[in-house]
Each structure stands twice: as structure tokens, then as C-alpha cells.
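1. Coordinates for the following, if possible.
(one chain, ligands or ions: 2)
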Amino acid sequence: MAEKLAEKFAKWHGIDRTKIAWYPEIDPEKCIGCKLCFVSCGRGVYDFDLKENIAVVAHKYQCLVGCSTCATICPAGAISFPDRALIQKIEKEEKVLVRIQEIAKKKKAKIDIEKARKEAMDMLSKMKTSVKYEVVGHVFESALMKSIRDAIKDCKVDLVDIAVESPSLKGCWEQKAPSLTKFTVVSTEMEDITKCTEIIDKIIKKSGMVLISKE
Ligand code: SF4
Ligand code: SF4
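-> Ligands and ions are numbered 1, 2, ... in the order given. The predicted model follows:
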């Protein structure tokens, strides 16, 4: 039987969460029972089997789409996730379906689904719904992420694939070594996120960080 999801987990950017196969899988042969995943996931995805001394995925659709923190911290490499390309594929497909319905409604007649699909794909390929950033500088001191989060609170965008490459924590704080921060701004609701990325560009500039690539 399908898992009954609490309202806060039921949708991801308007998409039925159960349509997105993004959740962890545990290799029971590799799991050493350290419980790190169980205690660190704030969304109650894991349970722990005391008899077998292994973590188990109890509520897979409560996993945050795009998050893979537990796989990163698992000391045994026992947790795996699907390829991230899956998320982009679903976003695109969902938009295509909405577009097909719009086109069909406009034409108010029997339409060739393949033709409508092609039209929808053409439209989508012209839209800018995802932008990758790379910035260098003192990301912790600049509070860049907090400033961006505050600024995009009312925008229908989110940041995914956030990665900070730092030489060391002490190096950053005490020897002022810069870090490389990467993230992607995405939206599954807006057709063009240029206005939101312009806001983010201004914040980066104000933070003192250096924008080295944006694509
Ligand atoms: S973090 Fe890894 S090794 Fe530890 S309980 Fe979870 S799956 Fe098992
Ligand atoms: S990826 Fe994140 S949300 Fe999903 S189970 Fe792991 S820690 Fe929890």
C-alpha cells in the first residue's frame, strides 16, 4: 500500500512527492550500525533495526528532494541515491505535461499529442529555469547563504547542490583562506528566473565574494 504522507511532505514544488524516486537506499551488507544517518536526518526518514543492528529506510518519501547529506556522512559508504539528473528530468516532464494541457485547451480540439509535446519541449528549451553558480571568498564570514535565503524567501526558487570546498575550517577562520562555493538556483514554478538571479548577483557583489562562473 502507498505510504500516507503528512501534508508537509506530500508535494515538492507542486509535484506529487511519490512521483519522485529520490530517497536513500541502504546496503545492509555494508551498514555497520553506527546510527549516524538515523540521528542526523531531521525528516524522520530512517528507523533502526536493533535486532539486525542496521539502519532502515522507513519513510522514503519524507526525504528532501536533492538532499544526500546522510550518504556523505555515512562512514561505511552504505547509503546511495539515484543520479541527480533524475530530478531535472522530472521537473522537465512535469512542465511538459502542464504545457501539453495548456496547448490542448487553447486548440480546443483533438490534437496530435506528439506535436503538442514537441511544441512544449521547444518552449521549455527557451526557458531559463536553472542557473549554476561558482563563487570564491570567505563564505562563512560573509553569511552569503543566509543573505540569499532571506532575499529569495518570496521568490519561487530554491538553491540545490550546494557545495563548499574549503581547505580547512581553521584555515578559513584563522588564516582567511578563501573557499569555493557552488550552488544551483532552480525553479519548478517560474518560467524565467532571471529576476531572481539578478537579486542573487547583487547579494554576491555586496557580500565581497567573487563570482567566477554563472551558467
Ligand atoms: S550511517 Fe551508514 S553505517 Fe551508519 S547506520 Fe547509517 S547506513 Fe549504517
Ligand atoms: S538525504 Fe537528507 S533528508 Fe534524505 S534521508 Fe538523508 S539526511 Fe534525510
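2. What's the local residue count around residue 164?
-> 14 (other CB atoms under 10 Å). Every C-beta, even on glycine, is put in place using the N, C-alpha and C of the backbone.
3. As a check, name the ranges of all helices in this protein.
-> 7-10, 36-40, 69-73, 85-107, 113-125, 139-142, 144-151, 169-174, 194-207 (DSSP state H).
4. Now render these as JSON lines, adding mean neighbour count and mean pLDDT.
-> As requested, the helices of the chain are exported to JSON lines (neighbours: other CB atoms under 10 Å; pLDDT from 0 to 100):
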{"stretch": "helix 7-10", "mean neighbour count": "11", "mean pLDDT": "88"}
{"stretch": "helix 36-40", "mean neighbour count": "16", "mean pLDDT": "89"}
{"stretch": "helix 69-73", "mean neighbour count": "15", "mean pLDDT": "86"}
{"stretch": "helix 85-107", "mean neighbour count": "15", "mean pLDDT": "72"}
{"stretch": "helix 113-125", "mean neighbour count": "14", "mean pLDDT": "66"}
{"stretch": "helix 139-142", "mean neighbour count": "17", "mean pLDDT": "82"}
{"stretch": "helix 144-151", "mean neighbour count": "15", "mean pLDDT": "92"}
{"stretch": "helix 169-174", "mean neighbour count": "12", "mean pLDDT": "78"}
{"stretch": "helix 194-207", "mean neighbour count": "15", "mean pLDDT": "92"}
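5. Among those helices, which comes closest to ligand 2?
-> helix 69-73 (3.3 Å; CB to the nearest ligand atom).
6. is ligand 2 contacted by the closest one?
-> Yes - Helix 69-73 comes into contact with ligand 2 (CB under 6 Å from any ligand atom), by way of 69, 70.
7. With just CA atoms, put stretch 59-71 into CSV.
-> The C-alpha trace of stretch 59-71 is given here as CSV (Å, rounded to 0.1, in the frame of the first residue of the first chain):
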residue,chain,number,x,y,z
HIS,A,59,9.7,6.7,5.3
LYS,A,60,11.4,7.2,1.9
TYR,A,61,9.2,10.0,0.6
GLN,A,62,9.9,12.2,3.6
CYS,A,63,13.5,12.6,2.2
LEU,A,64,14.1,16.1,0.9
VAL,A,65,14.5,16.0,-2.9
GLY,A,66,18.1,16.9,-3.7
CYS,A,67,19.5,16.2,-0.2
SER,A,68,22.1,13.5,0.1
THR,A,69,23.7,14.5,3.4
CYS,A,70,23.3,11.1,5.0
ALA,A,71,25.2,9.4,2.1
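8. related to what we said a few turns ago, with distance to residue 184 as new columns, can the helices of the chain be given to me in TSV?
-> Output for these, formatted as TSV (distance: least, CB to CB, whole Å):
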stretch	distance to residue 184
helix 7-10	23
helix 36-40	23
helix 69-73	16
helix 85-107	10
helix 113-125	17
helix 139-142	16
helix 144-151	12
helix 169-174	23
helix 194-207	11
